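Q: got a sequence here, can you model it:
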Amino acid sequence: MKLSTVTIAVLTSLVSGNLYADQYICKNISGTIQPSTADPDCNILKFKDRQFPDLTFLGPLPPGAPPVCFIGTLTATLGKNLKLTGTAFSGLFANGLGQLTGASAIKLSAGAVDLGRVFTKDLIFNPEGATTELLTVVGGSKTFKDGRGQFEIAGNILYESAPFTGQLCIEDD
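A: Residues are numbered from 1 along each chain as shown. Just a heads-up that it's a prediction; the model follows:
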């Protein structure tokens with residue numbers, strides 16, 4: 001029996017909402033991601049040791065090989081009205097499961113104020129068609145330290161701008 005992307009997203013949000021209810025403050029986030037471009041320096045690797053020690057990234061690859069590391073920008077609204085801009089470094093990694101997977105380090109700012117980074121592990125469904133990406137927040141820095149949550153990107157951000165929605169949760173001090 002195959003689970004659809006929607007079913008997985010619904011189950012994930014139900015489970016995570018209950019897990020984070022008492023320990024975290026969660027806010028909705030939505031916005032647009034601009035098309036990503038190849039990142040020949042594979043900047044996601046700067047975060048491997050501290051944030052993604054369990055992953056084997058595919059890049060950087062030699063010149064002429066297909067890109068496996070990317071950089072992109074986004075605009076978003078967190079909660080009811082906090083306007084954010086961001087830059088994301090992403091890279092594909094090997095998983096042995098046959099599923100296209102990636103990880104991202106997303107730096108978010110509110111105007112001139114650097115709020116920190118959100119670190120995600122990403123599942124990419126149907127990359128050749130109606131692409132959906134599910135990003136699971138696995139940590140963060142500064143404002144987002146020990147953050148949790150999920151985002152869903154509806155579209156292939158290698159070729160077009162795409163909307164995203166989700167929930168970002170930070171510890172309730």
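
Q: for Gly166, list each beta-bridge partner.
A: Partner residues in beta bridges with Gly166, using DSSP bridges, are Ile29, Phe151.

Q: cool, and Leu74?
A: Counting by DSSP bridges, Leu74 is bridged to Ile33, Gly86.

Q: isn't it right up against Lys107?
A: No. In this structure, Leu74 is not within contact of Lys107 by Cβ atoms under 8 Å, at 10.0 Å. Just so you know, the C-beta spots here come from the backbone N, C-alpha and C atoms, and that holds for glycine as well.

Q: any residues in contact with both of these two?
A: Taking Cβ atoms under 8 Å, 6 or more residues apart in numbering as the criterion, Leu74 and Lys107 both touch 86-88.

Q: ranking those by neighbours, who comes first?
A: Ranked by the number of neighbours (other Cβ atoms under 10 Å), these place Ala88 first, at 25 neighbours.

Q: which helix or strand contains it?
A: If you go by DSSP states H and E, Ala88 is part of strand 82-94.

Q: what residues does Ser104 make contact with?
A: 44, 88-90, 118-120, 122, 135.

Q: Lys48 - that's part of a strand, no?
A: No. Lys48: not assigned to a strand; according to DSSP: H, G, I helix; E, B strand; the rest coil it is helix.
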